[in-house]
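Chemist: Return atomic coordinates for the entry below.
(chains A and B)
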Number of protein chains: 2
Amino acid sequence: MGAALATTLVSGQDLLKDSPASDWRALDPENTLYAELPAGRVVIELAPSYAPVNVDAIRKLVRDRYFDGSFVIRAQDNYVVQWARPEDDPRAKAMAGVKSKPEFARPMDAKLPFTRLAYADTYAPEVGFSSGFPVAPDPKRKETWLVHCYGSVGVGRDNAADSGNGSELYAVIGQSPRNLDRNITLVGRVVQGIELFSVMPRGKAAMGFYEKPSEWIAIRAIRVSADVPAAERTNLEALRTESATFKAWVASRANRREEWFKEPVGRVGVCNVPLPVRAASR
Amino acid sequence: MGAALATTLVSGQDLLKDSPASDWRALDPENTLYAELPAGRVVIELAPSYAPVNVDAIRKLVRDRYFDGSFVIRAQDNYVVQWARPEDDPRAKAMAGVKSKPEFARPMDAKLPFTRLAYADTYAPEVGFSSGFPVAPDPKRKETWLVHCYGSVGVGRDNAADSGNGSELYAVIGQSPRNLDRNITLVGRVVQGIELFSVMPRGKAAMGFYEKPSEWIAIRAIRVSADVPAAERTNLEALRTESATFKAWVASRANRREEWFKEPVGRVGVCNVPLPVRAASR
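Modeler: From the prediction side, this is the model:
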């Protein structure tokens, strides 16, 4: 990929600016969540192709207003923030025993888009992007899975594989914890506003849990974008990871041409390629 | 490495607890900096074996109290915080033209300790650890260099390779920006307190710079540990990365055996192995 595009490299920002509108897609309002924090809105894109059961469960919880009045209860440095209703809340208690299907990986399927990254990965035989999400398909296992990168959103669980049910969610705020891949269900990733999570004070109890409820950070509401009045939506477009512009974007990240860089490394990791996202044109 | 140790795997915390004292080393007070922030102390270990000229320059600036009254002027999400004296400060002006030797890499040397990580890396032919620091030796280039991981500390520079002089420093607070490797001088890494940097409000100007001086976060002082009265020191020990305990620690990170993990991945990235650090026993 790098070699083929090397002669046409321009700066990443320029190639995005000059890209055809058809290389962008509006986020699907049914698969977009808004988490309303005191500091503002976090926009999460869900990945129903990779975790259909858990995405459905979360969408249903959101529509039941389960997360209105939930809290960020954990912020572990270089790892994750996690949010839930308080343990002793009646609705949390009602969810405590609910099991759900682990969707740690899914069968490979030629119908799933896949743009392969041509560089070695520590954790998986192949990595790349599928409809905007970083993924690792493994032809030997005949499975593919979402990988943990900065901003990835997943379903917290206890020790049992089926103990996650969508009522506790986490977002990655540090170095990609790839050892979680295939061990927990990822459902999507933050496409805007991750910095509202990443600056949260770190919890001082084990695993970054806050010691006291007074430290919890309120989540006023989580909404499905489709349920939000048009005027209040955050209308975003993401670069199609199957587009020529995205391939050029990857190449521009692997070979930074800005004057500052002295020795472009010619490679880029799957978690070092930010997904270009912009305000929708209308 | 993984295979040889697989039969003796215990949890990471247990093996640290049971490790011989000789597998630990006290941080060298001459190569340890304390950055005193409003929220507390950040402890930085310097790597004079990899950047002798820049480490000397920084130690001298610190002893000249150059950083007392400096500020964190930049916090870019998923990237770096950066600190310096204000641009219009006379001492900053005096440093503005000062050049220093770029130490982006150094010649390989059999005398440098090296514990190789047995897993593929996206960016370098080999990676591992040298006296506590993540490094990438390249036999073909006959060079080795410090790599950018969470907590790495480096020398900010302008476009010219020799324009960094130690008067502006940065620390990594996000996904390892490995494309900076060999492009900028790393001088060490944060061994305690990185979370004081990582929670700082993100700057809203380009590249995460704060828009207004009122947003800057004061650094009261930076000190060389050796210059600090014994009673005021933070006495830390780091696990020797050449020790058997460290090799077992790496294996325990590659193959998490805690009950929670369902499918240990059997691999670990160079930036996913935290350096065990603890309070010195006396």
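
Chemist: Tell me who's in contact with residue A:175.
Modeler: A:78, A:150, B:149-150, B:174-176, B:271-272 (C-beta atoms under 8 Å, 6 or more residues apart in numbering or on different chains). In this view, the C-beta of every residue, glycine as well, is placed from N, C-alpha and C.

Chemist: no no, residue A:86
Modeler: Neighbouring residues of residue A:86 by C-beta under 8 Å, 6+ apart: A:71, A:73, A:92, A:213, A:216.

Chemist: What residue, apart from its backbone neighbours, is nearest the third one spatially?
Modeler: Going back to what we said before, that points to residue A:92. residue A:85 (4.0 Å; C-beta to C-beta, 6 or more residues apart in numbering or on different chains).

Chemist: One more: the last one?
Modeler: Nearest non-adjacent residue to residue A:216, counting by C-beta to C-beta, 6+ apart: residue A:71, 3.7 Å away.

Chemist: ranges for the strands of the stretch 51-200 of chain A?
Modeler: Here the stretch 51-200 of chain A has its strands, by DSSP state E, counting those that start in this stretch, at A:70-75, A:80-84, A:106-107, A:115-116, A:128-130, A:133-138, A:143-146, A:152-155, A:169-172, A:186-192.

Chemist: Show me the contact partners of stretch A:235-248.
Modeler: Stretch A:235-248 has contacts (C-beta under 8 Å, 6+ apart) with A:1, A:5, A:8-10, A:15-16, A:19-20, A:22-27, A:32, A:43, A:45, A:113, A:115, A:129-133, A:191-192, A:249, A:275-282.

Chemist: Please pick the buried ones from these.
Modeler: Among the contacts of stretch A:235-248, those classed as buried by 16 or more other C-beta atoms under 10 Å in any protein chain shown are A:1, A:5, A:9, A:15-16, A:19, A:23-25, A:27, A:32, A:43, A:45, A:113, A:115, A:129-133, A:191-192, A:249, A:275-277.

Chemist: Spell out which residues of the stretch 101-250 of chain A are next to chain B.
Modeler: A:104, A:119-123, A:149-151, A:158-159, A:161, A:174-179, A:181-183, A:194-195, A:198-202 (C-beta under 8 Å from any C-beta of the partner chain).

Chemist: Among those, which ones are in helices?
Modeler: A:194-195, A:198 (DSSP state H).

Chemist: picking up where we left off before, a markdown table please, covering the strands of the stretch 51-200 of chain A and showing mean pLDDT.
Modeler: As requested, the strands of the stretch 51-200 of chain A are exported to a markdown table (pLDDT from 0 to 100):
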| stretch | mean pLDDT |
| --- | --- |
| strand A:70-75 | 98 |
| strand A:80-84 | 98 |
| strand A:106-107 | 98 |
| strand A:115-116 | 98 |
| strand A:128-130 | 98 |
| strand A:133-138 | 98 |
| strand A:143-146 | 98 |
| strand A:152-155 | 98 |
| strand A:169-172 | 98 |
| strand A:186-192 | 98 |
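
Chemist: Just give me the neighbour total for the nearest residue to residue A:186 once chain neighbours are set aside.
Modeler: Distance criterion C-beta to C-beta, 6+ apart; nearest residue to residue A:186, sequence neighbours excluded, is residue A:146 at 3.9 Å. Applying other C-beta atoms under 10 Å in any protein chain shown, we find 28 residues neighbouring residue A:146.

Chemist: quick one: residue A:146 and residue A:131 touch, right?
Modeler: No. Using C-beta atoms under 8 Å, residue A:146 is not in contact with residue A:131; the gap is 10.7 Å.

Chemist: Give the residues shared as contacts by these two.
Modeler: With C-beta under 8 Å, 6+ apart as the test, residue A:146 and residue A:131 both reach residue A:47.

Chemist: quick one: the residue most central in space within chain A and chain B, what's the gap?
Modeler: Among the residues of chain A, the one closest to the centroid is residue A:189, at 1.4 Å (C-alpha atoms, centre = their mean). Residue A:189 sits 12 Å away from chain B, taking C-beta to the nearest C-beta, to the nearest Å as the criterion.

Chemist: Look up which residues are beta-bridged to that residue.
Modeler: In this entry, residue A:189 is beta-bridged to residue A:45, residue A:152, by DSSP bridges.

Chemist: can you tell me which residues contact it?
Modeler: A:44-45, A:47, A:133, A:149, A:151-153, A:171.

Chemist: any idea how far it is from residue A:102?
Modeler: Residue A:189 sits 19 Å away from residue A:102, going by C-beta to C-beta, to the nearest Å.

Chemist: likewise residue A:280?
Modeler: 34 Å.

Chemist: Could you do residue A:81 as well?
Modeler: For residue A:81, the distance to residue A:102 - C-beta to C-beta - is 22 Å.

Chemist: try residue A:63
Modeler: Residue A:63 is 23 Å from residue A:102, by C-beta to C-beta.

Chemist: what about the two, which has more around it?
Modeler: Taking neighbours as other C-beta under 10 Å, residue A:63 and residue A:102 compare with residue A:102 leading, 21 against 13.
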